[in-house]
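Asker: one predicted model, sequence on top.
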Amino acid sequence: MKRLLAVAAFALMLSMLGSAIVPTVEPVSANATTNDLSNAELPPDLGQAAFQVFVPETGHTLRGYFLDYWRATGGEHVYGNPISEPFASADGLYSQAFENGVFQFRLELIWTDLPSVTLMNLGTQALDDRLDDFRADGRRGGGGGDRRTSSWKGVAPDGATATRAISEGGVWNENTGNTISGEFYRWYQANEGPYYLGNPISQPLRDRGLLVQYFQGGILMQDNAGALKLAPLGNEMAAEVGIDTSPVDGSGLPVFDESLFYQIGNPNPMGDMATPGKRWIEVNLSEQRLYAYQGDTLISTSLVSTGIEPNHTEQGVFHVRYKLEKTDMAGITDANGQVIALGEAEDNSGGIPYAVKDVPHVMYFNYDAEAFHGAYWHSNFGYRMSHGCVNLPLDFATFLFNWAPLGTMVWVHA
């Protein structure tokens, strides 16, 4: 029950972030992509997967940055399998198409706490192409739509529709005037919808008997069994956008399997690691404990040691942004123990230097240089010990490093 309450509290916290976190992304131009990546801004080496895998279901490969983000955000269960190789979009973005959306790397976002992968605005383009009669099974219906109808228009924040949505625990989006509520809002929260899907650009509507809602990055639909999932816009619009979906030869490449990523097993198993869902990490400062989830399922946990005053661990929502198998850590503190500089400095300015060699399995998650990492110099987990980082037992640090790719969401709270 305590874990369920924590998940619910996290969902509430996400709902308060609002729409201000949604990056502004312009719609793409059709028929203007290229497999020539020479002019695209490629992801730097931030510790992403160093190998390439083959996905036989669709005949395409995954590697590096997009492989990491795909694993972090739910993999085939959320965005489907890859249907293209990496390509440069019309605006020069490094991109790759999946069955339910198109990933795009945005270099400017690696200097923020936001994910640096967004979705191409296929939902916006679908709406602009008058695909308001888009069938949720991936086919076009007949007729056409009128964007002026009530399904596409925003609603007044104090009107009956918005009031009802808010009373049901949903929200009114100030950017588009549309609401998200009920199961759609719960899916949107659970899968970091503000970052990836962007703003809602329609109200929920019936389409061939199914309930659907348009967002900038895709279309969320409820199937006949009542399950929510993204409509296959990647498949539907690949040709229109000019994406080459021809299968490739995967000979010599390992077939994708989660076991490829692990050096050791889960040291503290709590749930089935095959459970579908987005990966995320909770750090409870009061408990000095870390929880690792896939969707709502707790799969592992460990005692930790976070920052001791005056170097508290920052609270908030972050993402794993830089990984190192091993690194040296150094800095300078003042007489009170406050860290005043990071790295080795020639002039200590009267401070007290500290240094730790060969710190293992380091995962930075915010711009205060705070990271998860193994700690071989103490075993006092469950008590605050660090300069702000989250110290982990060595076996758990190895597991977490393998389990949590770049893009994994991190929630730190008291």
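Answerer: Yep, it's here.

Asker: give me the neighbour count for residue 276.
Answerer: 13 (other CB atoms under 10 Å). All C-beta spots, glycine's among them, are computed from the backbone N, C-alpha and C.

Asker: ok, it - contacts?
Answerer: 74, 75, 77, 78, 294, 295 (CB atoms under 8 Å, 6 or more residues apart in numbering).

Asker: only the buried subset of those residues, as a PyMOL command please.
Answerer: To isolate the buried members of the contacts of residue 276 in PyMOL, using 16 or more other CB atoms under 10 Å:
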select buried, resi 74+75+78+294+295
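
Asker: now flag whichever of the contacts of residue 276 is closest to residue 176.
Answerer: Lowest distance from residue 176 to the contacts of residue 276 (CB to CB) belongs to residue 78, with 22.5 Å.

Asker: can you tell me the closest non-neighbouring residue to that closest one?
Answerer: residue 191 (6.1 Å; CB to CB, 6 or more residues apart in numbering).

Asker: do residue 168 as well
Answerer: residue 181 (4.7 Å).

Asker: ok, residue 123 - contacts?
Answerer: Here residue 123 is in contact with 197, 198, 201, 214, 215, 216, 217, 218, 219, 233 (CB under 8 Å, 6+ apart).

Asker: and for the second one, the neighbour number?
Answerer: What it means is residue 198. 25.

Asker: which residue, other than its chain neighbours, is closest to it?
Answerer: residue 216 (3.3 Å).

Asker: next one: the fourth one
Answerer: Once its chain neighbours are removed from consideration, residue 214 has its nearest residue in residue 202; the separation is 3.9 Å (CB to CB, 6+ apart).

Asker: determine the number of other residues adjacent to the one you found.
Answerer: Neighbour tally, residue 202, other CB under 10 Å: 22.

Asker: and what of residue 51?
Answerer: Quick note: residue 51 (other CB under 10 Å) scores 12 neighbours.

Asker: quick check: pLDDT value at it.
Answerer: At residue 51, the model reports a pLDDT of 94.

Asker: got it, and residue 38?
Answerer: 85.

Asker: so how far is residue 46 from it?
Answerer: 21 Å (CB to CB, to the nearest Å).

Asker: who's more crowded, those two?
Answerer: Legend: neighbour count by other CB under 10 Å for residue 38 and residue 46, higher for residue 46 (17 against 7).

Asker: quick check: phi and psi on the spatially closest residue to that one that is not a sequence neighbour?
Answerer: Once flanking residues are discounted, residue 46 sits nearest to residue 322: 4.9 Å by CB to CB, 6+ apart. Dihedral angles of residue 322 (phi, psi; degrees, to the nearest 10) stand at phi -160, psi 130.

Asker: thought residue 48 was touching residue 322, still the case?
Answerer: No - contact between residue 322 and residue 48 fails when scored by CB atoms under 8 Å: they sit 9.8 Å apart.

Asker: so for the two, which residues contact both of them?
Answerer: residue 406.

Asker: quick one, what contacts residue 200?
Answerer: 173, 176, 178, 179, 180, 213, 214, 215.

Asker: typo on my end, residue 253
Answerer: 52, 53, 54, 61.

Asker: swap in residue 359?
Answerer: Shown in contact with residue 359 (CB under 8 Å, 6+ apart): 326, 327, 328, 329, 373, 374, 375.

Asker: how about a cut-off of 10 Å?
Answerer: 324, 326-329, 371, 373-377, 389, 391, 397 (CB atoms under 10 Å, 6 or more residues apart in numbering).

Asker: so how far is residue 300 from it?
Answerer: 21 Å.

Asker: check residue 102 too.
Answerer: 32 Å.

Asker: what segments of the stretch 251-400 of the chain are strands?
Answerer: Using DSSP state E, counting those that start in this stretch, the strands of the stretch 251-400 of the chain run over 279-284, 289-294, 297-303, 316-319, 322-333, 339-342, 352-364, 371-374, 390-392.

Asker: so can I have JSON lines of these showing distance to residue 70?
Answerer: Below are those laid out as JSON lines (distance: least, CB to CB, whole Å):
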{"stretch": "strand 279-284", "distance to residue 70": "11"}
{"stretch": "strand 289-294", "distance to residue 70": "14"}
{"stretch": "strand 297-303", "distance to residue 70": "18"}
{"stretch": "strand 316-319", "distance to residue 70": "14"}
{"stretch": "strand 322-333", "distance to residue 70": "16"}
{"stretch": "strand 339-342", "distance to residue 70": "32"}
{"stretch": "strand 352-364", "distance to residue 70": "18"}
{"stretch": "strand 371-374", "distance to residue 70": "21"}
{"stretch": "strand 390-392", "distance to residue 70": "25"}
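
Asker: lowest average pLDDT across those?
Answerer: strand 339-342 - the lowest mean pLDDT of these, at a mean of 80.

Asker: can you tell me what sits against that one?
Answerer: 307, 310-311, 329-334, 347-354, 368-369, 387-388.

Asker: change it to 7 Å
Answerer: 311, 331, 332, 333, 334, 351, 369, 387, 388 (CB atoms under 7 Å, 6 or more residues apart in numbering).

Asker: which parts of it are buried?
Answerer: 339, 341.

Asker: what sits against the residue nearest to residue 168?
Answerer: Taking CB under 7 Å, 6+ apart, we find residue 181 in contact with 165, 168, 169, 170.

Asker: quick one: buried residues of stretch 407-414?
Answerer: 407, 408, 409, 410, 411, 412.

Asker: cool, and stretch 321-336?
Answerer: 321, 322, 323, 324, 329, 331, 332, 333.

Asker: same deal with stretch 240-260?
Answerer: 241, 242, 243, 245, 250, 253, 256.

Asker: OK, contacts around the fifth one?
Answerer: To tie it back to what came earlier, the one meant is residue 250. By CB under 7 Å, 6+ apart, the neighbours of residue 250 are 54, 56, 61.
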